[in-house]
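> Provided below for reference: sequence and predicted model.
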Amino acid sequence: MAPKQNIAAGPWTWIDKEEQNMTTRQIALFGGAALVVAVGLVLAFRTSPSTSTADGRGTIGAPVKQGEQLSPYSHVATIPAIVDPSTIRFEKMRTVEVASKTKTTTDPDKCKDQQFRDPDGSNCQTTTVEERVKAIEAVYSYSGPVVASGEATPGRDTFSVYFRPEEVGADGPVEKLKRDQAASFFQVSTSRSMVEQKVVDKQHSTYCEGNYADGNWVRKDPKCQDQVQFINQVVASPYMTVQIDLRHPVTLATN
């Protein structure tokens with residue numbers, strides 16, 4: 001049989017039919033082998049253990065246990081600065097148990113599972129209380145913040161502070177004291193600190209012209225971009241600090 005001309009290769013290129021069949025088989029075999037290698041690499045990546053930096057932090061691996069000492073006796077609370085301090089009033093005093101030491105345990109399976117799905121806001125760490133101590137809880141309430149219209153938010157919010165039982169020195173169970181008697185143990189003071197806050201520099205900021213259309217701000221020039229500058233400024237804190245002190249704290253004798 002006469003050799004067949006490969007038109008695509010040009011008039012001077014001649015390819016034997018048997019040689020052409022061998023070349024086709026080689027290409028098919030090579031392609032099949034490449035596919036097997038690719039599938040093997042994908043499976044290897046999926047089944048190989050994680051090498052992320054989270055492993056070094058203990059997020060994945062053996063459970064991490066940490067003991068944290070707490071300061072259970074806090075005499076300070078924070079409330080919104082727009083609250084009227086004159087509305088703060090004593091509610092009750094009672095004996096409670098508060099956490100003084102906690103333990104945080106990391107669940108490695110839960111942490112690893114969260115890496116392969118969308119985060120749902122849950123934490124793979126669990127905190128449990130290891131130790132508790134007795135304390136005297138003083139509960140206070142205050143009226144809701146005053147809004148711009150001059151009306152106060154309905155209802156009252158509460159906060160608590162805690163004292164050592166021995167420093168209060170109540171004669172008998174504190175729960176049996178009348179409200180005015182229990183309130184006389186404490187005195188209230190408020191303060192508002194100054195904090196550094198990032199605010200808009202109105203003097204050096206520029207805004208694009210425009211107007212509202214169907215409730216949306218529409219720029220007059222679609223290509224215009226607002227140029228907003230910020231500066232650090234010391235302003236009053238948005239929170240008020242409330243400190244509750246004992247009027248006549250019991251001083252314990254020390255050796």
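Everything's here; your move.
> which parts of stretch 83-102 are buried?
Neighbour counts using 16 or more other C-beta atoms under 10 Å place V83, I88, F90, K92, M93, V98, S100 of stretch 83-102 among the buried residues. The way it works is simple: take the backbone N, C-alpha and C, and place the C-beta from them, glycine included.
> quick one: the strands in the stretch 101-250 of the chain, in order.
According to DSSP state E, counting those that start in this stretch, the stretch 101-250 of the chain carries its strands in the segments 125-143, 156-163, 186-191, 194-200, 210-213, 216-219, 230-236, 239-246.
> the first one pairs with which strands, and in what direction?
Each strand paired with strand 125-143, and its direction, by DSSP bridges: strand 89-106 (antiparallel), strand 156-163 (antiparallel).
> state the mean pLDDT of the longest one.
Mean pLDDT, computed over strand 89-106, is 91.
> same check, this time on the shortest one
Taken as a whole, strand 156-163 has a mean pLDDT of 94.
> contacts for it, please.
Residues outside strand 156-163 that contact it (C-beta atoms under 8 Å, 6 or more residues apart in numbering) are 72-77, 79, 87, 91, 96, 98, 135-144, 242, 244, 246.
> if we can go back for a sec, with distance to E196 added, can I get the strands paired with strand 125-143 in TSV?
Output for those, formatted as TSV (distance: least, C-beta to C-beta, whole Å):
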stretch	distance to E196
strand 89-106	32
strand 156-163	26
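> just so I know, which of these lies nearest F185?
F185 lies closest, by C-beta to C-beta, to one member of the strands paired with strand 125-143: strand 89-106, at 7.2 Å.
> what angle separates the closest one from strand 239-246?
If you take axes from the mean of the first three to the mean of the last three C-alpha atoms, to 10 degrees, strand 89-106 sits at 110 degrees to strand 239-246.
> from the buried residues of stretch 83-102, pick the one nearest K110.
Looking across those and measuring by C-beta to C-beta, the closest to K110 is S100, at 27.2 Å.
> so the closest one sits right up against K134, yeah?
No: using C-beta atoms under 8 Å, S100 is not in contact with K134, being 10.0 Å away.
> and the buried residues of stretch 83-102, which is closest to V188?
I88 (6.0 Å).
> gap between the closest one and A138?
As judged by C-beta to C-beta, to the nearest Å, I88 and A138 stand 12 Å apart.
> just F163 next, same as before
7 Å.
> domains in the chain, as residue ranges please.
65-193+237-246, 194-235 (automatic domain parsing).
> weakest of these in terms of mean pLDDT?
When those are compared on mean pLDDT, domain 65-193+237-246 scores lowest, with a mean of 85.
> residues in a beta bridge with the nearest residue to T78 once chain neighbours are set aside, which ones?
Distance criterion C-beta to C-beta, 6 or more residues apart in numbering; nearest residue to T78, sequence neighbours excluded, is Y239 at 4.5 Å. Assessed by DSSP bridges, Y239 has beta-bridge partners P80.
> so who does Y239 touch?
Counted by C-beta under 8 Å, 6+ apart, Y239 has contacts T78, I79, P80, A81, R192.
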